[in-house]
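Asker: Take a look and give me a structure for this.
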Amino acid sequence: MHATIRQYEVSGDPHAVSQAIQDTFIPQLKGLPGYVSYMWIDPSAEGGRMLSVSVFDTPEHAEASNAVAAAWVASHPQFQLQLINIEVGPVVAHG
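Answerer: Next up, the predicted model:
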């Protein structure tokens with residue numbers, strides 16, 4: 001398994017973006033080859049910065065999900081999401 005961790009700065013309404021991700025982005029990811037799981041995380045408990053974790057079965061599938069994420073962000077400018085950092089790597093332990 002391979003995971004992608006993306007960090008975003010969110011200037012728009014964090015609740016609205018979270019709902020849109022649940023309703024429209026996650027279904028897109030679930031349709032991709034190799035999909036395992038996805039999480040949208042608010043580490044600040046008050047918005048402003050968000051993390052996503054996508055897990056896929058191969059590095060190629062994980063990398064492909066990055067293009068889908070970028071396209072989704074570009075098509076939703078009202079949420080004012082800015083990608084700050086992205087990392088992809090193998091999952092070496094899980095439970």
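
Asker: Which of the helices or strands spans His94?
Answerer: Assessed by DSSP states H and E, His94 sits outside every helix and strand.

Asker: ok, it - how many residues close by?
Answerer: Neighbourhood size, His94 [other C-beta atoms under 10 Å]: 9. To be clear about C-beta, it is placed using only N, CA and C from the backbone, and glycine gets the same treatment.

Asker: Ser18 too?
Answerer: Per other C-beta under 10 Å, the neighbour tally for Ser18 reads 16.

Asker: which SS class is the closest residue in space to it that isn't next to it in sequence?
Answerer: Nearest residue to Ser18, sequence neighbours excluded (C-beta to C-beta, 6 or more residues apart in numbering): Trp40, at 6.0 Å. Look at Trp40: counting by DSSP: H, G, I helix; E, B strand; the rest coil, its state is strand.

Asker: Could you do the one 4 residues further on as well?
Answerer: In terms of secondary structure, Ser44 is coil; the call rests on three-state DSSP.

Asker: ok, it to Val91 distance?
Answerer: To Val91, Ser44 is 25 Å away according to C-beta to C-beta, to the nearest Å.
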